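Peer 1: Have a look at this prediction, sequence included:
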Amino acid sequence: MNNCEAILVVDDDSDVRDSLKALLELDGHLTLTASSAEEAIAAIARHQPICVILDLLMPGVGGAELARRIRSERGSELVLLALTGSVRESDQEEAERSGVDYVLHKPLDVSRLRRMLPRVS
């Protein structure tokens, strides 16, 4: 499955991962999932997705650090969308400094997510 136009969903919450995967697949997107930053890095190397949707607040390596790693290894070739339940402005600013293209707040505005995805598919 190399060089596919897949979207990778990275979230430690299996309900969020599964829900996003189902939603994206209903919209016709090939969707991969990972539950941690380590799994995400491996999936990116193996499958080369075109977009990564990542949770900012994960145990261990969080989403902002994952975004920095992706940007340092892959540059700007991937679109990074961050999900957060936080309302703190500092969390959004950290995400933007880490290289995230867009920040989406939970609960997720599905229509907003859908408007962003055609830009990457």
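Peer 2: The structure has been received and is ready for your questions. What you see is a predicted model, and the numbers here were worked out from it, not measured in a lab.

Peer 1: Could you list the low-pLDDT ranges of the chain?
Peer 2: For the chain, the stretches with pLDDT under 70 are 1-4, 87, 118-121.

Peer 1: all strands for it, in order.
Peer 2: Under the criterion DSSP state E, the chain contains strands at 6-10, 30-34, 51-55, 79-84, 102-105.

Peer 1: Columns mean neighbour count and distance to Glu65 on top of these, output as a markdown table?
Peer 2: Bear in mind the C-beta positions are built from the backbone N, C-alpha and C, glycine included. Shown next, in a markdown table, are the strands of the chain (neighbours: other Cβ atoms under 10 Å; distance: least, Cβ to Cβ, whole Å):
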| stretch | mean neighbour count | distance to Glu65 |
| --- | --- | --- |
| strand 6-10 | 25 | 12 |
| strand 30-34 | 20 | 14 |
| strand 51-55 | 25 | 10 |
| strand 79-84 | 23 | 12 |
| strand 102-105 | 17 | 15 |
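
Peer 1: Put together CSV for those strands, with distance to Lys21 on each row.
Peer 2: Supplementary listing: the strands of the chain in CSV, determined by distance: least, Cβ to Cβ, whole Å:
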stretch, distance to Lys21
strand 6-10, 6
strand 30-34, 5
strand 51-55, 10
strand 79-84, 13
strand 102-105, 16
